[in-house]
Structure formats: C-alpha cells, structure tokens
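**Q** Give me a model of this one.
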Amino acid sequence: MLIDQQAFQIKGLSYTIRCAQLEDAQALSNLRYQLDGETENFDREQGEAFIDKAGFEQLILNDTKSQKNLCLVAVVADRIVGFSRCEGSSLKRLAHKVTFGVGVSKDYWGYGIGKALLQISIDWADANGIQKMALEVLETNGKAVQLYEKLGFAVEGILKNDKRLADGKYYHTIIMGRWQA
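**A** Take a look at the predicted model:
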C-alpha cells in the first residue's frame, strides 16, 4: 500500500518518511546488512538471512500491491537511514492484524525516526481497518519497550530464554500488541 510522504525536523535534522520504491532496493539491502551488525536487537547476526537487491525489489512490489502491507523508509539527504514494515496475512483468521518491525541506523538514533515510522504505521493501520498491530522486542531494548507502551502497545507475553546473544546468555523476547479502540 502507498501513503503520502511526510517531512520531519528534529534536533536540527531534516528527514522524510515515504513508501519504499523499487529504486530503494539496493540501499535497503545494504542498510539491513549494516543494522544487523550495529545491534543485537534483531533476530539475525550480520549476513544471516541476507536479502539482496532482487529480494527487496520483490518485497517492495508485493507490499505496494497489498492492502495489508506497508514498507516505509526514512531518508536523510537522499540516504535511507531507517525503514519499517507492516505485514498482514491473507488468511481469514489473521486478516485483522499486521506485524510491525523497524530498524534505524545507529548514527540516527535519538532523532525520533523510529517513533515517526511507528506513528505513521499506526495511523495507516487505523485508517485501513486493521484492528491489531503486533511486534516482538528483545527485553534488553528498554527504550523501544517504553516507546511502544507510550504509543498504545501492551505486553501480551514473554518468550523466555528466546534469544542467545554474543555474550552467550539467553534473553527473553517480549510480545506486544496494540488493539485499535
């Protein structure tokens, strides 16, 4: 699905958020690879489950055609520095919800980019009759948990010892959801 581009100015940084386009595929592939090496907040280590340019082209095409999917990018000075994705299901029992995921380059943390991507996604979901948004977040990502709660998400469950990080320890995954009132 497509939405209108939005502009933001926070702490002296100007950026826009818009739908991903086919010409963004290589930049998204590069950014996803970069993000996987910057933080352990994702399921993957750098290079795992790699999506190349062609893979992102297909994903963007599918998301653009689907009324239940939304793929956004955050752009600073013509450079993609973050992205988010809502993915729905064609199955009747799951058609009321989407899952949300987000990633922002570490150099751009603290500028509200993740919050803006999430708020635009919430607005899109609400406007399109999507009743539930779901996401998963690592217990160590406290700032993200606080943001999600601030924007109406609640903890629905915990997957105990769900991920093993570089320190060799196991950490919980928090399952959160937001129901449209």
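**Q** from here on, contacts and neighbour counts on C-alpha atoms
**A** Fine.
**Q** how about the helices of the chain, start to end?
**A** For the chain, the helices defined by DSSP state H cover 25-38, 53-65, 113-127, 142-150.
**Q** Run through the strands of the protein in chain order.
**A** Remark: strands assigned in the chain by DSSP state E are 6-10, 13-19, 70-76, 79-88, 97-104, 132-138, 154-164, 170-179.
**Q** got JSON lines for these, with mean pLDDT too?
**A** Shown next, in JSON lines, are the strands of the chain (pLDDT from 0 to 100):
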{"stretch": "strand 6-10", "mean pLDDT": "95"}
{"stretch": "strand 13-19", "mean pLDDT": "97"}
{"stretch": "strand 70-76", "mean pLDDT": "98"}
{"stretch": "strand 79-88", "mean pLDDT": "97"}
{"stretch": "strand 97-104", "mean pLDDT": "97"}
{"stretch": "strand 132-138", "mean pLDDT": "97"}
{"stretch": "strand 154-164", "mean pLDDT": "98"}
{"stretch": "strand 170-179", "mean pLDDT": "98"}
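**Q** Could you identify which of those strands is most buried?
**A** strand 70-76 (a mean of 23; mean count of other C-alpha atoms under 10 Å).
**Q** counting contacts, what elements does it pack onto?
**A** Helices and strands touching strand 70-76, by 3 or more C-alpha pairs under 8 Å, 6 or more residues apart in numbering; DSSP states H and E, are strand 13-19, helix 53-65, strand 79-88, helix 113-127.
**Q** Tabulate the ones you listed in a markdown table, adding columns for distance to Val137.
**A** Compiled in a markdown table, those are given as follows (distance: least, C-alpha to C-alpha, whole Å):
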| stretch | distance to Val137 |
| --- | --- |
| strand 13-19 | 22 |
| helix 53-65 | 22 |
| strand 79-88 | 14 |
| helix 113-127 | 13 |
